[in-house]
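Participant: Sequence first, predicted coordinates after that:
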Amino acid sequence: MKKVAIVSCGSYMDSGYGCPGEWRCLKAAAMGDGQFYEPSQVIAFVKCECPGRSIAPNVEMAIKLSEIKPDLIYLSSCLVNAKPGCPNKNDENLARIVEEKTGIKVISGTHDYH
Ligand code: SF4
């Protein structure tokens, strides 16, 4: 079973009823749905907070504190597919920044649930 970390959009998590109510990223990881392809163990769930400057060091710290290196890092569907999009363009840059910082492959998107 793959070990994964998920990065989500804190702006959406804090204000969208769907995310805190359903935790679709966690369901998709558990079921192996969406971009996960197989049931996966979530070892860290990190919230981006505007304007996103702390996200790369926070992901690194979450991995360090969990003492488990994930096989993959996922950017949540609400982060990469947001409409209107992230005002700080983090959906475009975050994958590269987090990948460079951690050396771990970053996948854009988690689930296809509506
Ligand atoms: S910077 Fe963008 S991705 Fe991060 S919390 Fe704000 S809106 Fe969401």
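Facilitator: Okay, I see it.
Participant: now the strands: where do they sit in the protein?
Facilitator: Remark: strands assigned in the chain by DSSP state E are 2-9, 40-48, 72-75, 106-108.
Participant: Correct me if wrong: residue 48 contacts residue 55.
Facilitator: Yes. Residue 48 lies in contact with residue 55 (Cβ atoms under 8 Å); the separation is 4.7 Å. Yep, even glycine has a C-beta here, placed from its N, CA and C like the rest.
Participant: Between those two, which has more neighbouring residues?
Facilitator: In this view residue 48 and residue 55 are compared by other Cβ atoms under 10 Å, and residue 48 has more residues nearby, 28 against 22.
Participant: give the contact list for that one.
Facilitator: Residue 48 makes contact with 7-11, 55, 79, 90, 94, according to Cβ atoms under 8 Å, 6 or more residues apart in numbering.
Participant: Turn those residues into TSV, including pLDDT and distance to the ligand.
Facilitator: Below are these laid out as TSV (pLDDT from 0 to 100; distance: Cβ to the nearest ligand atom, whole Å):
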residue	pLDDT	distance to the ligand
7	94	8
8	91	8
9	91	3
10	90	4
11	88	4
55	91	7
79	89	5
90	68	4
94	87	7
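Participant: Just the buried ones from the residues you listed, in ChimeraX syntax?
Facilitator: Buried members of the contacts of residue 48, defined by 16 or more other Cβ atoms under 10 Å, are picked up in ChimeraX with:
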select :7,8,9,10,11,55,79,90,94
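Participant: got TSV for the contacts of residue 48, with distance to residue 39 too?
Facilitator: TSV is the format used below for the contacts of residue 48 (distance: Cβ to Cβ, whole Å):
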residue	distance to residue 39
7	20
8	20
9	24
10	26
11	29
55	26
79	22
90	28
94	25
